[in-house]
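below is the sequence, then the predicted model.
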Amino acid sequence: MNNVETWLVSRLDTVEAIKGCCYPAAAPVGDVEPPFAIYTLEKEEISRDMEDEDGIRRAKIRLDLFDGDNDHLWELTRQVQTALLCRDLEADDLYIYHAWADIKDKGFDLRTQVQVQTLEVVAVYWAAA
């Protein structure tokens, strides 16, 4: 793993309901049966000091979970939050200091005609240059 998006997908693939069904924002949504997830890296900041050229990174990722059943979506949300919650995790070329997912908006997606739950994923990590 060499970036936070690869790490995110690897963690989401531990959730059986969406294993292999996590896509970047440009995915052809109409071709996928729910449940599935779509992610977008919204912001990434790097804090550097004089001695650390690589710096500590903080990424904010929007994660939308889609499911046709509201009860299934709630359970999927809980499972995803559990999968993404971690501290002090070594993941190949990344070191995750802390990561978590907060519940944001919930609604109905008119394009896919299914329920959607939006999470804000935050990961504080170091990446090898």
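Great, that's in hand.

what about the strands in this protein?
In the chain, strands defined by DSSP state E lie at 22-24, 36-49, 52-67, 86-91, 94-109, 114-127, listed in chain order.

longest helix in the chain, please.
helix 70-84 (DSSP state H).

need the strands of the chain in CSV (columns: mean pLDDT, distance to residue 6 and mean neighbour count).
C-betas here are computed from N, CA, C, even on glycine. What follows is the strands of the chain, written out as CSV (pLDDT from 0 to 100; distance: least, C-beta to C-beta, whole Å; neighbours: other C-beta atoms under 10 Å):
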stretch, mean pLDDT, distance to residue 6, mean neighbour count
strand 22-24, 92, 11, 17
strand 36-49, 89, 11, 15
strand 52-67, 89, 12, 18
strand 86-91, 92, 9, 12
strand 94-109, 94, 8, 15
strand 114-127, 95, 11, 20
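
now the longest helix of the chain against strand 52-67, angle please.
160 degrees (axes from the mean of the first three to the mean of the last three C-alpha atoms, to 10 degrees).

contacts for helix 70-84?
8, 11-12, 14-15, 17-18, 35, 37, 63, 65-67, 99-101, 103, 115-117, 119, 121 (C-beta atoms under 8 Å, 6 or more residues apart in numbering).

next, the buried residues of that helix.
For helix 70-84, burial by neighbour count (16 or more other C-beta atoms under 10 Å) applies to 73, 76-77, 79-81, 83-84.

and it, how far from the chain's centre?
12 Å (C-alpha atoms, centre = their mean, to the nearest Å).

ok, now stretch 13-30?
Worked out by C-alpha atoms, centre = their mean, stretch 13-30 lies 10 Å from the chain centre.

and if you look at stretch 33-44?
That offset, for stretch 33-44, works out to 6 Å (C-alpha atoms, centre = their mean).

alpha carbons of it, as CSV, please.
Written as CSV, here are the backbone C-alpha positions of stretch 33-44 (Å, rounded to 0.1, in the frame of the first residue of the first chain):
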residue,chain,number,x,y,z
GLU,A,33,-26.0,-3.6,-7.6
PRO,A,34,-26.2,-2.4,-3.9
PRO,A,35,-24.7,-2.6,-1.4
PHE,A,36,-21.6,-0.8,-2.6
ALA,A,37,-19.4,2.2,-1.5
ILE,A,38,-18.0,5.2,-3.4
TYR,A,39,-15.1,7.2,-1.9
THR,A,40,-13.6,10.7,-2.7
LEU,A,41,-10.4,12.1,-1.2
GLU,A,42,-11.6,15.5,-0.3
LYS,A,43,-8.5,17.0,1.5
GLU,A,44,-5.0,16.0,2.5
